[in-house]
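Chemist: What follows is a predicted structure for the sequence shown.
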Amino acid sequence: MSLLRINDLKVHFPIRRGVLFDRTVGHVRAVDGVSLEIRQGQTYGLVGESGCGKTTLGRAILRLVDVTEGEVLFDDRNLAGLDGESMRRERRNLQMVFQDPLGSLNPRQNIGSILMEGLQTHGIGGPAKGEGPTEGKERRALVLEDQRRRVVDALERVGLSAKALTRYPHEFSGGQRQRIGIARALVLEPDLIICDEPVSALDVSIQAQVLNLLESLQQELGLTYLVIAHDLAVVRHVSDVVGVMYLGALVEEAPSDDLYGTPMHPYTRSLMSAVPVPDPQVEDERERILLAGDLPSPANPPKGCRFHTRCPWRQEERCDTERPEMRPVRGADGSGTHRVACHYAEQILSGEIHPREEMAERIVHGAG
Amino acid sequence: MSSSTPLLAVDELSVVFDGHGSDEVRAVDGVSFTLEEGRVTGLVGESGCGKSVTSLALMGLLPDRGVRVGGSAVMRLPEDRVDLLTLPQRRMRDLRGSQLAMIFQDPLSSLNPVVPIGRQVTEILRRHRGLRGSVADREAADLLDRVGIPDPKRRLREYPHQLSGGMRQRALIAMAVACRPRVMIADEPTTALDVTIQAQILELLRDLVTEEGTALLMITHDLGVVAGLCDDINVLYAGRAVETAPRTPLFSDPTHPYTVGLLSSIPRLDAPRGEPLTPIRGSVNDNIAWSQGCAFAPRCDHYTMECLQGPPELVAVGTAAGVEGGGSGGASAGASGAGAEHVHRCVNPVRHADVADQPVTESPAVAGGDEEEAQG
Ligand SMILES: Nc1ncnc2c1ncn2[C@@H]1O[C@H](COP(=O)(O)OP(=O)(O)OP(=O)(O)O)[C@@H](O)[C@H]1O
Ligand SMILES: Nc1ncnc2c1ncn2[C@@H]1O[C@H](COP(=O)(O)OP(=O)(O)OP(=O)(O)O)[C@@H](O)[C@H]1O
Ligand code: SF4
Ligand code: SF4
Ligand SMILES: [Mg+2]
Ligand SMILES: [Mg+2]
């Protein structure tokens, strides 16, 4: 069952110029037609290079940026169409964990108050309706007590304790701060947590602690994750399904093992070939596809296939003029769960189409 | 010692910052390694272990006050040998342009924002190679072309902010190689870049080392980058090298519990999915002073009382380790031209069989449940 379904989502940021009058002179097409589905209890990993629109997509789901077009169906409600107040209520079910644990925690608030805040905003805690006192001091005390219990519970789940309540963010290490960020999301008992680069600011030994924590919380609580990260090894490790983005659009999506085992889009292939592996033997033999040039500007994406300006397998005409749609291909298991946006994915995989000559020299074998 | 002396021999380098009232910081605490022509030496370790301070000390870029530098860093020059740590400022400045170059993580901070890239490159060529006018311009374009910047003539007229991160890093490398330095220090040169751009830059550095014979000191926290690029590797922890080895034994036969821990903490793109990671518990803040014993002891699964009898000494793998001053004779890293010896600083090293058999699920360190103490 899918918990979240995104249909043809677009987020375009206006580019404004002018001294007296703000004129809109163009748009940054940060997210430009993305459709995907996240199943209940699973982890969807989103990868791609800086500026490809990962964060914007995550923020659009939470309506932290304006959606230009498209639908965000959460439990069959279209979040993109909700008014501000309804969306605020909905946010308790969708929480976000950010990259920079320190920047996302108010330095002047202690941990207790940081974690209480969400509960208070959403009026969570206290005796259920019809039970116990309905108003007055007595009820307030019960509510506070229940909220405190929930906060301590969340802290314990992430490996911290009630001792943290009266402390401030700067008193914790980076890994601990990220745990606090996760506890802040957990305390609201959300269904979906969007993790934007949850470990990229952390040392490797701490990264592993946080990744294992996310995994065990998912098992205990049945959480659904959208994990956004540029580190492919991290995404592969945590995700059931992985989507690869390039210039505001998905170019390939498949179950994690399938994608890493049989990448079909030329961009995915070059991306994966660029990831160094901590094993000298593998490094010496590994094929690397070195892309030429830089990422084009999302304000002015190339016509046709967006990757054609850098694609080693580009074919005349069609690649330059016709934008390839995401289409199901026979994956490793033939289930059709592998989708790719390339006109020639099958022929490239079978070796029928070769990289163009001037690009072939950029395909390096081994480290020597 | 072998007959050929290394290009740069760093011996017992230490850097201590005044605490300004609080305790002093021993950022680098007796680190030794060598750099050789056409070889890449790696410094790897987590945040705060002293990688950048080591490089700044070698480049003579530490602040003038509030810092004490010890040890030596002897560089072999065509006519003589000099100790970089004691060289007068003025000679150091000359060396920095001609023999020594450095690339930083953030290229923007090392480029002048209000001067076009071209002028910054030709200025270096004028100062250090005496090139002027159209000759300098042509050489500058040539350099940019060599580091893979397309349309170099146009790029030379552009300002740093007009270049992407990857292009800026390449421009910086072009400037670093402009004077054909014999030693190049790269401090996390690709950490801020996307993997596809990182792959291009690493390829560039590799060419520089193999084609020009430059000696490269590569500083990174990424063990994947280390595996692909470095010949000899020094793993640092809390300011000291805890394991030094050529790349093959370091990855296939790591012996220090910290190295083993790092390697089992990182998810690998080529490993089967579903294998749990085995993190190192706690964080770098949970350490003790080396003078008391092994700084890694609070996070170490192999720790015994012996680990707290003073600092473990650096010994060759396979020999019994004592603590410093115990008289069993410490080993020196990288004494021969054929690469570093495999040495470690540990009294209960991990034997290879342990690593292979280690059941990943039985780790006591999963998710560090004992981590509620705030950093001290
Ligand atoms: N509020 C905004 N106004 C205008 N442009 C924006 C805004 N937010 C993002 N962008 C642009 O949209 C594009 C996508 O940005 P986004 O932050 O989503 O990328 P990302 O994939 O998360 O990158 P990174 O890996 O660097 O975090 C970029 O070109 C960015 O400059
Ligand atoms: N100018 C300074 N004054 C005082 N302490 C300093 C100074 N510069 C660095 N340190 C300390 O020296 C230690 C080593 O710092 P260094 O910058 O070398 O770490 P690093 O290994 O490069 O880490 P990273 O991976 O985060 O770059 C740290 O504890 C740091 O706080
Ligand atoms: S559609 Fe053409 S240009 Fe685009 S990825 Fe496929 S082969 Fe390359
Ligand atoms: S000396 Fe002891 S505490 Fe230090 S790494 Fe070796 S076994 Fe662990
Ligand atoms: Mg982002
Ligand atoms: Mg550093």
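Modeler: Received the coordinates, thanks. Ligands and ions are numbered 1, 2, ... in the order given.
Chemist: From A:R139, how far off is A:L211?
Modeler: Using Cβ to Cβ, to the nearest Å, A:L211 is found at 41 Å from A:R139. Just so you know, the C-beta spots here come from the backbone N, C-alpha and C atoms, and that holds for glycine as well.
Chemist: Next: A:V210.
Modeler: Distance of A:V210 to A:R139, given as Cβ to Cβ: 37 Å.
Chemist: ditto for B:N112
Modeler: From B:N112 across to A:R139, the span is 64 Å (Cβ to Cβ).
Chemist: after the strand or helix carrying B:M92 comes which helix or strand?
Modeler: Of the helices and strands defined by DSSP states H and E, B:M92 is found in helix B:89-98. Sequence order places strand B:100-103 as the next helix or strand after helix B:89-98, per DSSP H and E.
Chemist: Summarise which helices and strands that next one is packed against.
Modeler: In terms of contacts (3 or more Cβ pairs under 8 Å, 6 or more residues apart in numbering or on different chains; DSSP states H and E), strand B:100-103 is packed against helix B:51-59, helix B:165-177, strand B:183-187.
Chemist: Identify the residues contacting the next helix or strand after it?
Modeler: Using DSSP H and E, the helix or strand that follows strand B:100-103 towards the C-terminus is helix B:107-110. Contact with helix B:107-110 is made by B:I103, B:F104, B:P160, B:H161, B:G165, B:R168, B:Q169, B:A171, B:L172, as judged by Cβ atoms under 8 Å, 6 or more residues apart in numbering or on different chains.
Chemist: mind redoing it with 10 Å?
Modeler: Outside of helix B:107-110, the residues within contact range by Cβ atoms under 10 Å, 6 or more residues apart in numbering or on different chains are B:102-104, B:120, B:160-161, B:163, B:165-173, B:175-176, B:189, B:192-193.
Chemist: now those: which count as buried?
Modeler: Neighbour counting by 16 or more other Cβ atoms under 10 Å in any protein chain shown classes B:102-104, B:120, B:160, B:163, B:165-173, B:175-176, B:189, B:192-193 among the contacts of helix B:107-110 as buried.
Chemist: sorry, back to before: for the helix holding B:M92, enumerate the helices and strands it packs against.
Modeler: Packing partners of helix B:89-98 (3 or more Cβ pairs under 10 Å, 6 or more residues apart in numbering or on different chains; DSSP states H and E): helix B:51-59, strand B:81-83, strand B:100-103, helix B:117-129.
Chemist: quick one: pLDDT of B:D370?
Modeler: In this prediction, B:D370 carries a pLDDT score of 41.
Chemist: An error on my part: the question was meant for B:R273.
Modeler: At B:R273, the pLDDT recorded in the model is 74.
Chemist: from memory A:V234 sits against A:E197, does it?
Modeler: Yes. The pair A:V234 and A:E197 passes the contact test of Cβ atoms under 10 Å, sitting 9.2 Å apart.
Chemist: neighbour count winner among those two?
Modeler: A:V234 (24 against 20; other Cβ atoms under 10 Å in any protein chain shown).
Chemist: Single out the residue in chain B that lies closest to ligand 1.
Modeler: Nearest residue of chain B to ligand 1: B:D194, at 7.9 Å (Cβ to the nearest ligand atom).
Chemist: got a list of what the residue nearest to that residue when sequence neighbours are not counted touches?
Modeler: Nearest non-adjacent residue to B:D194, counting by Cβ to Cβ, 6 or more residues apart in numbering or on different chains: A:E49, 4.1 Å away. By Cβ under 10 Å, 6+ apart, the residues touching A:E49 are A:230, A:244-247, A:267, A:271, A:274, A:291, A:294-295, B:193-197.
Chemist: I'd assumed A:E49 was in a strand, is it?
Modeler: No. Under DSSP: H, G, I helix; E, B strand; the rest coil, A:E49 falls outside any strand and is assigned coil.
Chemist: Per-residue pLDDT of it, please?
Modeler: pLDDT, A:E49: 90.
Chemist: how near is it to ligand 2?
Modeler: Distance of A:E49 to ligand 2, computed by Cβ to the nearest ligand atom, to the nearest Å: 22 Å.
Chemist: Low-confidence stretches in the stretch 251-376 of chain B?
Modeler: By pLDDT under 70, the weakly predicted segments of the stretch 251-376 of chain B are B:321-339, B:352-376.
Chemist: any idea how far A:R310 is from the residue in the stretch 101-250 of chain B that ligand 2 sits nearest to?
Modeler: Here the stretch 101-250 of chain B gets closest to ligand 2 at one residue, B:H221, 5.4 Å apart by Cβ to the nearest ligand atom. Relative to A:R310, B:H221 is positioned 28 Å away (Cβ to Cβ).
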